[in-house]
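A.B. asks: Return atomic coordinates for the entry below.
(one chain, ligands or ions: 1)
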Amino acid sequence: MKVCVLTLFPELFQPFWDHGIIRRAVQGGKIHPATVNIRDHAEGRHRVTDDRPYGGGCGMVMKPEPLAGAMAEAKGRMPTATTLLLSPQGRRFDQQLAESLAQAGELILVCGRYEGVDERFVDRFVDGEISIGDFVLTGGELAAMAIIDAVARLIPGVLGNEDSAGSDTFSDGLVEYAHYTRPPNYDDEAVPDVLLSGNHAEIERWRRETALMRTVLKRPDLLERRGVSPEERALLIKWRRELDR
Ligand SMILES: NC(=O)c1ccc(NCc2cccc(O)c2)nc1
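C.D. replies: Numbers count the residues shown, from 1 in each chain. This is a model prediction of the structure:
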């Protein structure tokens, strides 16, 4: 996947490309990252990229021309790319959207600063707006990194053992089962016996059941959307009876 980020702070992305799974994905040619510095496309001696809002009000707005110039450079490299603006008004990012973005061959992500970007740029160049949550950041860069990270790990070959993306939290719509590793006894707390039993059918059942229970306890909203199978419903009723006893 080719990903090009339009930003006023390209240097923010170097550490991101240089660490962990992302670094391995870049080295392995699974991700081809690029940044375009919006300021390089600003005219004049001071290379101004923002200005006061028409109609008054506080804060500054990013000017359309430098953004358009940066976009032209990005599109020059990636003519068929999907262009996404990171903004609080955007479509809420989730694992499902990460899955669909992972299918896109080329992505251009636009990181706004200040109060936002001139609407004429959005109308002319932006295919979609994405938000990583209902909060405002000083810039779209951290949102862009979060999205690139979530998408990159879904690209085949990036995670290595393929199935770990499949058994993610939110896969099959439940949160993840509890994880344990050595030592077998920590601070007088043992590991559930079933996990040491080597009985893989029992272990799978225990994992499915604890994922369901943890979803009920931590994220019941996920169940509303997903629904439950007859077997899961029977389990939930059994647990409720045990709780009510
Ligand atoms: N929730 C988010 O994903 C998110 C994204 C960006 C951001 N700040 C930059 C910005 C602010 C306003 C408009 C705009 O186009 C860009 N803040 C939060």
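A.B. asks: and L107, what are its phi and psi?
C.D. replies: According to degrees, to the nearest 10, the main-chain angles of L107 amount to phi -130, psi 140.
A.B. asks: Next: V61.
C.D. replies: Listed backbone geometry of V61 is phi -120, psi 140, with angles given as degrees, to the nearest 10.
A.B. asks: which outside residues touch the lengthiest strand in the chain?
C.D. replies: Of all the segments of type strand in the chain, defined by DSSP state E, the longest one is strand 82-92. Applying Cβ atoms under 8 Å, 6 or more residues apart in numbering, the external contacts of strand 82-92 come out as 71, 97, 101, 104, 106-112, 116-117, 122, 125-136, 140, 143-144, 147. (C-beta placed from N, C-alpha, C; glycine too.)
A.B. asks: Just checking, which helix or strand succeeds it along the chain?
C.D. replies: helix 95-103 (DSSP states H and E).
A.B. asks: Tell me where the model's unsure across the chain.
C.D. replies: Scanning the chain for pLDDT under 70 picks out 161-171.
A.B. asks: What distance do you get for the residue positioned nearest the centre of it to the ligand?
C.D. replies: Computing the C-alpha centroid of the chain and ranking residues by Cα atoms, centre = their mean puts I147 first, at 3.3 Å. Taking Cβ to the nearest ligand atom, to the nearest Å as the measure, I147 falls 9 Å from the ligand.
A.B. asks: Show the end-to-end separation of stretch 222-239, please.
C.D. replies: The stretch stretch 222-239 measures 19 Å between its terminal residues, going by Cα to Cα, to the nearest Å.
A.B. asks: my bad, stretch 29-48
C.D. replies: The first and final residues of stretch 29-48 sit 35 Å from each other (Cα to Cα).
A.B. asks: which parts of that stretch are buried?
C.D. replies: Residues K30, I31, P33, A34, T35, V36, N37, I38, R39, H41, A42 are the ones in stretch 29-48 that count as buried (16 or more other Cβ atoms under 10 Å).
A.B. asks: quick one: which two of those residues are the most distant?
C.D. replies: Farthest pair in the buried residues of stretch 29-48 (Cβ to Cβ) is K30 and A42. Separation: 33.0 Å.
A.B. asks: hmm, back to that, filter the contacts of strand 82-92 to the buried ones?
C.D. replies: Judged by neighbour count, with 16+ other Cβ under 10 Å as the criterion, the buried members of these are 71, 97, 101, 106-112, 116-117, 122, 125-126, 129-132, 140, 143-144, 147.
A.B. asks: Mind checking which of the residues you listed land in helices?
C.D. replies: Counting by DSSP state H, the members of the buried ones among the contacts of strand 82-92 that fall within helices are M71, L97, L101, V122, F125, A143, A144, I147.
A.B. asks: correct me, but I148 touches A104?
C.D. replies: No - at 11.9 Å, I148 and A104 do not qualify as touching, with contact defined as Cβ atoms under 8 Å.
A.B. asks: which other helices and strands contact the longest helix along the chain?
C.D. replies: For the chain, the longest helix by residue count, based on DSSP H, is helix 200-218. If you count contacts as 3 or more Cβ pairs under 8 Å, 6 or more residues apart in numbering; DSSP states H and E, helix 200-218 packs onto helix 193-196, helix 220-226, helix 230-244.
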